[in-house]
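Trainee: build the 3D model from these lines:
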Amino acid sequence: MRVIARPSVSHVLSVGNFIKHVPCAKSHPFLSRRFHSNTHTIVAESTITSCFKSLTSSQQNQIHLYVDTLLQWNQKMNLTATKEAGEVMERHIEDSLAILPPIKTCYNNLHSNVLFDRINLIDVGSGAGLPGLVLAIACPDWRVTLLESINKRCVFLEHVVNVTGLTNVEIVRGRAESCGHDVMYREKFDVAIARAVAEMRVLAEYCLPLVRIGGLFVAPKGHDPKEEVQNAENAVRILGGSILQISPVDSHSPYGQRTTVVCRKDHSTPQKYPREAGTPSKLPL
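Mentor: The predicted model follows:
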């Protein structure tokens, strides 16, 4: 492990044992239909299967190690409100894995000549590692950065990386508002994702400055995010993006089928964004 101190953020690079290359979880076929304007597509799945079952036995074992560790640490620190392993699998693991098919569909449509298995992803506000750690397990050739501002959560993430033997994860302690202006991170990622962090307008300001032109900003959402997405259209545009599609995914909450909102980075984010820490959440664009 090495720790590098910087003015705005510190880094913890996690290195575990070598994990044999295995293919990324397979995507499900999609059927497309139009949403409410020419800039959006809402996508419906044609099959419902368990994303977890599509993983190799080695990957499934890593997931179980992660869940066991999460529940153990959750007894001494607040990582999740979910207390049972089965509920964690249903509400968090399947939900995280269900994000993969729409990411793959959109990324391959935009970059037919670029390997999807080699993308560089950042999980903004990673918390307990959802979805970033799960995606790192499912796609071992990805480079996954977990951005988290709370030190004790970073310690937990480092421990999980060591327990599972992941070699493709970097843990960064810092805020999105600071990393978005750091030359090491600004517009360096193929995909930025944020799950259960904030509303779309705020997430856009956290994530889009980190995404390279041609990359994707992905926001897992609930069963009916249309109003939230419409309210965020202007913010996404200001920050250099456009809303690409809303995808119902193979994951359900008590309120219905969950969705994933995918935005494309069309041009560079104006230099003044993201604004200083706390401003995006207090004064959304």
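
Trainee: CA only for contacts and neighbour counts going forward, please
Mentor: Will do.

Trainee: what is the neighbour count of Pro270?
Mentor: Counted with other C-alpha atoms under 10 Å, the neighbours of Pro270 add up to 11.

Trainee: that should have said Asn61, apologies.
Mentor: Using other C-alpha under 10 Å: Asn61 sits among 14 other residues.

Trainee: go on, Ile119?
Mentor: Other residues lying near Ile119 total 17 when counted by other C-alpha under 10 Å.

Trainee: quick one: it from Val183, how far?
Mentor: 19 Å (C-alpha to C-alpha, to the nearest Å).

Trainee: quick one, strands of the stretch 151-285 of the chain?
Mentor: Ranges of strands in the stretch 151-285 of the chain, per DSSP state E, counting those that start in this stretch, are 169-173, 189-193, 211-221, 241-253, 256-265.

Trainee: mean pLDDT for these: which is lowest?
Mentor: Looking over these, mean pLDDT reaches its minimum on strand 241-253, with a mean of 86.

Trainee: send me it as CSV with only the CA atoms.
Mentor: The C-alpha coordinates for strand 241-253 follow below in CSV (Å, rounded to 0.1, in the frame of the first residue of the first chain):
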residue,chain,number,x,y,z
GLY,A,241,-23.3,16.5,-21.4
SER,A,242,-26.6,15.3,-22.8
ILE,A,243,-29.1,12.7,-21.5
LEU,A,244,-28.7,9.6,-23.6
GLN,A,245,-31.3,7.1,-22.2
ILE,A,246,-33.2,5.8,-19.3
SER,A,247,-33.0,2.1,-18.9
PRO,A,248,-35.2,-0.1,-16.7
VAL,A,249,-32.8,-2.7,-15.3
ASP,A,250,-33.0,-6.2,-13.9
SER,A,251,-33.4,-5.1,-10.3
HIS,A,252,-36.4,-4.2,-8.2
SER,A,253,-37.0,-2.1,-5.1
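
Trainee: residues making contact with the longest helix seen in the chain?
Mentor: For the chain, the helix that runs over the most residues, judged by DSSP state H, is helix 57-74. With contact meaning C-alpha atoms under 8 Å, 6 or more residues apart in numbering, helix 57-74 is reached by 52-53, 79-80, 83-85, 88-89, 93, 128, 134, 137-138, 156, 160, 163-164.

Trainee: any of those residues buried? List them.
Mentor: Among these, those buried by neighbour count (16 or more other C-alpha atoms under 10 Å) are 52, 79, 88-89, 93, 128, 134, 137-138, 156, 160, 164.
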